[in-house]
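Visitor: Sequence and predicted structure are below.
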Amino acid sequence: MGLCNKSKSEKITNPDNDGEGKVELKKQITLLQGVAIIVGVIIGSGIFVSPVGILSRVKSVGLSFVLWVTCGIYNMLCALCYAELGTTMPQSGGEYIYIKEAFGDILGFIGLWINFVLICPVGIAASNLIFSTYLLKPFFPDCEVPEAALQLLAALLICLLIGINCVNVTWATKMSVIITASKLIALAIIIVIGFIYIGKGETEHLQNTFEDSEYDAGDIAIAFYSGFWAYSGWSYLNFLLDEMVNPHRDLPRAILISMTLVIVVYLIANVAYLGVLSPAHMLESPAVAVTFGDRTMGVMAWLMPILIAISVSGTVNGIALGMSRLFYIGAQNGQLPSVLSMINYKHYSPQPSLIIILLMSLAYQFSGDIFFLIEMEGFGFATNLTFVFAGQVYLRYKKPDLPRSIKVPVFLPALLCLVSFAIVALTFYQKPHESVLALIIVMCGLVTYLLCCKWDGKPQFIENNMITVTTFIQKMMLVVQADDSEVKWD
């Protein structure tokens with residue numbers, strides 16, 4: 001068995017299944033939980049980190065606000081296009097399924113590979129480091145947080161959240177509701193305090209807002225990656241369609257409700273920050289909301305980093321929940337190791353996919369540079385969006401009779417495709433070394449596909465060794481292939 005070929009898995013019996021007879025992902029995600037998952041992923045580290053990332057590039061408050069609005073509108077339009085794709089092809093797997101349907105296996109695999117090695121583990125690694133920074137910064141107010149402490153706490157977080165996702169999907173989705181409430185409380189505190197300061201006349205930071213603006217196209221493109229980071233997450237529910245109770249009705253509703261809520265909250269929060277902090281103070285702070293709390297909350301300042309840390313953990317939980325399903329679907333289609341298409345026969349969760357996410361995220365954490373990770377994740381995300389929207393336009397002509405319960409004007413995905421491609425192209429101009437590194441990682445995926453998915457007749461010793469490894473993992477994790485056939489429980 002090669003990397004991408006299916007193997008014959010051992011049949012594992014379950015005496016506690018009470019005759020249900022099928023091992024499959026269950027439909028258990030409602031509209032409320034869907035909104036909570038999306039908001040839980042979007043409102044995480046972005047609003048507490050991205051103000052610095054955007055402001056450092058565009059240099060002025062006014063232009064940073066323009067970028068926040070532009071990024072919000074851009075992501076809202078992307079979400080509308082994804083709503084059409086998700087209800088047209090209501091299968092877990094998200095953009096991987098859309099690219100594969102339009103352009104075939106090779107580009108579908110490249111999109112899957114970008115998620116596998118860039119977007120998912122890099123996003124989780126950055127979020128873990130942000131979690132550690134916010135939680136530990138109050139203990140080191142006048143110096144840098146020790147790197148070893150950051151790495152250890154970040155590792156503990158991802159291990160805990162992956163463990164929860166492995167044991168019970170319902171726990172993970174219900175935890176999203178709790179975490180979403182915590183992050184909205186943190187944002188409410190920032191907004192209320194900030195506007196109290198503004199009401200008292202603290203408006204000097206909101207004057208001459210476009211002074212010293214940087215209009216360089218390359219810098220604006222890199223600033224967009226911080227915007228991607230702040231708004232990213234609206235697509236993750238598309239990875240969970242097989243587990244939604246009513247995907248045709250609830251997916252577009254969940255996307256629209258979530259995006260509207262997030263855009264409004266982000267704009268108000270950015271104004272509130274400037275009621276207390278100057279742009280210079282924001283740029284100097286590694287944890288903006290902690291600095292905000294220290295200046296305004298007195299003895300209760302300890303509450304802010306705790307709420308934000310919980311918020312960031314929601315981002316990690318949402319990414320793990322969504323992306324594990326993407327890798328599960330990719331393996332079912334024979335484009336990732338077959339063991340990733342297996343689920344635990346007791347907990348009905350894709351444990352092998354979750355474990356590989358854990359291992360790759362821990363590896364990326366050692367880079368230690370949060371903004372480098374954000375830009376790498378943004379590059380991969382913009383590249384995939386280019387493929388997705390090009391495929392959406394192509395499918396309108398290739399398969400015009402597909403049932404589309406939601407149908408956006410065709411010029412919209414065409415425009416978004418051009419914008420996404422322009423952002424990627426400008427990144428090569430502005431950040432050539434990082435862009436080439438990301439491109440090499442993507443090209444490695446193409447080589448992997450050709451060697452492992454297209455190479456027939458592999459030597460027998462390779463097949464035998466892979467079968468042995470797969471069988472060992474099955475026995476260790478108690479996982480089996482999930483399909484529509486009946487499984488007899490002894």
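Guide: Right, received. Where do you want to start? Remember, predicted model here, so these are calculated numbers, not experimental data.
Visitor: What strand or helix carries residue 150?
Guide: Under the criterion of DSSP states H and E, residue 150 resides in helix 147-167.
Visitor: Could you do residue 402 as well?
Guide: Secondary structure from DSSP H and E places residue 402 outside every helix and strand.
Visitor: Report pLDDT for residue 387.
Guide: On pLDDT, residue 387 comes in at 94.
Visitor: Let me see the contact set for it.
Guide: Residues in contact with residue 387 (Cβ atoms under 8 Å, 6 or more residues apart in numbering) are 95, 99, 103, 107, 110, 111. In short, each C-beta sits where N, CA and C put it, glycine included.
Visitor: at 10 Å instead, please
Guide: Residue 387 is in contact with 95-96, 98-99, 102-103, 107-108, 110-111, 114, 417, 420-421, counting by Cβ atoms under 10 Å, 6 or more residues apart in numbering.
Visitor: Same check on residue 206?
Guide: 61, 62, 65, 198, 271, 274, 275.
Visitor: Report the buried members of the residues you listed.
Guide: When those are checked for burial by 16 or more other Cβ atoms under 10 Å, the buried set is 61, 65, 198, 271, 274, 275.
Visitor: for the stretch 101-250 of the chain, which spans come out with low pLDDT?
Guide: For the stretch 101-250 of the chain, the stretches with pLDDT under 70 are 168-178, 180, 236-242.
Visitor: residue boundaries of the helices in it?
Guide: With DSSP state H, counting those that start in this stretch as the criterion, the stretch 101-250 of the chain has helices at 105-114, 120-136, 147-167, 169-199, 217-231, 247-274.
Visitor: Surely residue 59 is in contact with residue 209?
Guide: No. Applying Cβ atoms under 10 Å, one finds residue 59 not in contact with residue 209, separated by 11.2 Å.
Visitor: related to what we said a few turns ago, now for the helix holding residue 150, which elements pack on it?
Guide: helix 120-136, helix 169-199, helix 303-332, helix 351-365 (3 or more Cβ pairs under 10 Å, 6 or more residues apart in numbering; DSSP states H and E).
Visitor: what angle separates the last one from helix 120-136?
Guide: It refers to helix 351-365. Inter-element angle recorded for helix 351-365 and helix 120-136: 60 degrees (by axes from the mean of the first three to the mean of the last three Cα atoms, to 10 degrees).
Visitor: Torsion angles phi and psi at residue 233?
Guide: phi 130, psi -20 (degrees, to the nearest 10).
Visitor: how near is it to residue 94?
Guide: Residue 233 sits 12 Å away from residue 94, going by Cβ to Cβ, to the nearest Å.
Visitor: again with residue 53
Guide: For residue 53, the distance to residue 94 (Cβ to Cβ) stands at 25 Å.
Visitor: who's more crowded, those two?
Guide: residue 94 (29 against 24; other Cβ atoms under 10 Å).
Visitor: Next up, phi/psi of the more buried one, please.
Guide: Here is the backbone geometry of residue 94 (degrees, to the nearest 10): phi 60, psi -130.
Visitor: before we move on, the earlier item: list just the nearest of the buried ones among the contacts of residue 206 to residue 322.
Guide: Nearest to residue 322, judged by Cβ to Cβ, of these is residue 65 at 29.7 Å.
Visitor: If we ignore the residues flanking it in sequence, what's nearest that closest one?
Guide: Nearest residue to residue 65 in three dimensions, chain neighbours excluded: residue 270, at 6.6 Å (Cβ to Cβ, 6 or more residues apart in numbering).
Visitor: Tally up the residues packed near that neighbour, please.
Guide: 22.
Visitor: Touching both of residue 59 and residue 209, which residues are there?
Guide: Joint contacts of residue 59 and residue 209 (Cβ under 10 Å, 6+ apart) are residue 279.
Visitor: rewinding a little: need the contacts of residue 206 in CSV (columns: distance to residue 376).
Guide: Formatted as CSV, the contacts of residue 206 follow (distance: Cβ to Cβ, whole Å):
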residue, distance to residue 376
61, 27
62, 29
65, 26
198, 36
271, 30
274, 29
275, 33
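Visitor: Does whichever strand or helix holds residue 35 pack against any helices or strands, and if so which?
Guide: In the assignment (DSSP H and E), residue 35 maps to helix 31-42. Contacts defined by 3+ Cβ pairs under 10 Å, 6+ apart place helix 31-42 against helix 169-199, helix 217-231, helix 247-274, helix 303-332.
Visitor: looking at these, which is buried most?
Guide: helix 303-332 (a mean of 25; mean count of other Cβ atoms under 10 Å).
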